[in-house]
Structures are given as C-alpha cells and as structure tokens.
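Q: With the input below, show me the fold.
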Amino acid sequence: MKLIPYYAWSNRDRSSMMTWIGTGRELARLDMRDPKNMKFSGVRASHTFDQDTVDAVRMRHTPQSSSDKSIPRWTSWPHKGRPQWVEIDLGQVQRVVSVSVYWYNDNGGVQLPESWCLQAQAGDSWKDVKIYNTDQYSMLADNFNTVHPAEPLRTDKLRIVMKPRHDQTCVGILAVDIEKE
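A: Just a heads-up that it's a prediction; the model follows:
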C-alpha cells in the first residue's frame, strides 16, 4: 500500500510530517447515532422491535440491498399483519419535493409491504398526500421507492403508513430520504 499524506504540502523543501493509521475497529466505524449523522429532527413509529431502532430511518447511510444487515433498521416485528406508521419530524415547516423509502426485507417475517402511502400533518390530523399522476407507491426491493407531491407541499411532519403483505408478515425500513427545497 502506498500512502501519500498531504501530497502537495511541503513537497518543495525538506521537512517532517507524522501520519497514523488507526488499528482499532472502533476507529474505522462511523457513529451513525451521532446527531451530526441524522437527516431529520426526530422520528417516531407505531411500534419498533426492541432489537431495532426507529432512528435507522433518519441515519445517513445507504443500504447495499433490502436485506442489508450491516446497518441499523426499523421493523415492526412481531406485530404481524398490522398496519404501521413512521412519523418524521423535519424540525420546521419546509417545502417537500420528494420522499424516498428503502424497504427492509429479511425474506421471512419482515417483508416488503403490500401497500404504503404518504401523509402530511394538517393541524391535529393527517391528510394523504396526492402524488404526481406518473408516480406510484412502489414496493421495489433493493431500491429507493420515490414519490413526488402533486402539489406544493409545505409541512414540518410526514408520516409513512404501511400495510404488511399478509397476516404473517411485518414491515421494515432501512432508510428514508426527503428532498426539500
């Protein structure tokens, strides 16, 4: 391995420089729970499995696949067959351009949902977000499933409402991206 630290610094004259390479595994890992690595102000869910975290929805990471177990995830296990929701707090009213969901699928008890929809908070209630007529609420594995509001959407809270595939499965999310203007 050839390392060239500060390759353009002090390359015209003699000087000394120190470099180091971390040898502990903990030094090579990004602390995904650090507030700097969160995309949204907050997140809540109707239910979260005690070995998962709802914060996975707002962490800055990109799944390798829908069955990626190397990153945190949110699942509704073991609440089989029950509709679930994940609520995202943007921290302030913002214009939302698109919402993308990366589903988790363990090919067992947690599978891609049968259906989902996006809601925005309107006062004390939630209203379905009408999406572009060319968009659809897709449930594709190994992809971000993206929808765009049909009309300008200004809100500080969004909700993803999911229906499990059948009464023997739950739902799960690896990541959510929200494009804001």
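Q: pLDDT averaged over the helix or strand hosting residue 100 - what is it?
A: Secondary-structure assignment from DSSP states H and E places residue 100 in strand 84-103. In this model, strand 84-103 carries a mean pLDDT of 97.
Q: Check which residues of that strand are buried.
A: Under the neighbour-count criterion of 16 or more other C-beta atoms under 10 Å, strand 84-103 has 84, 85, 86, 87, 88, 90, 96, 98, 99, 101, 102, 103 buried. For the C-beta atoms, the positions are set from N, CA and C on the backbone; glycine is no exception.
Q: Relative to residue 174, which of those residues is nearest.
A: residue 102 (4.6 Å; C-beta to C-beta).
Q: Tell me if I'm right that the closest one and residue 140 touch.
A: No - taking contacts as C-beta atoms under 8 Å, residue 102 lies outside contact range of residue 140: 9.6 Å.
Q: Show me where this structure dips below the pLDDT cut-off.
A: Along the chain, segments meeting pLDDT under 70 span 1-22, 24-35.
Q: all strands for the protein, in order.
A: For the chain, applying DSSP state E gives strands covering 42-45, 74-75, 84-103, 115-122, 125-128, 144-147, 153-163, 172-180.
Q: Pipe those strands into CSV and attach distance to residue 67 per row.
A: CSV is the format used below for those (distance: least, C-beta to C-beta, whole Å):
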stretch, distance to residue 67
strand 42-45, 20
strand 74-75, 12
strand 84-103, 10
strand 115-122, 19
strand 125-128, 30
strand 144-147, 15
strand 153-163, 18
strand 172-180, 9
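Q: between those strands, which one is nearest to residue 109?
A: Here strand 74-75 is closest among the strands of the chain (C-beta to C-beta), at 8.6 Å.
Q: Run through who's touching the closest one.
A: Here strand 74-75 makes contact (C-beta atoms under 8 Å, 6 or more residues apart in numbering) with 45, 48-49, 52-57, 86, 104, 110, 170-173.
Q: Of the residues you listed - the most surrounded one?
A: Of all the contacts of strand 74-75, the highest neighbour tally under other C-beta atoms under 10 Å goes to residue 171, namely 29 neighbours.
Q: Let me see the contact set for that one.
A: 75, 76, 84, 103, 110, 111, 112, 113, 162, 163, 164.
Q: circling back to that earlier point, so which of the strands of the chain gets nearest residue 68?
A: Going by C-beta to C-beta, the one of those nearest residue 68 is strand 172-180, 6.1 Å.
Q: so what strands line up beside that closest one?
A: With DSSP bridges as the test, strand 172-180 is paired with strand 74-75 (antiparallel), strand 84-103 (antiparallel).
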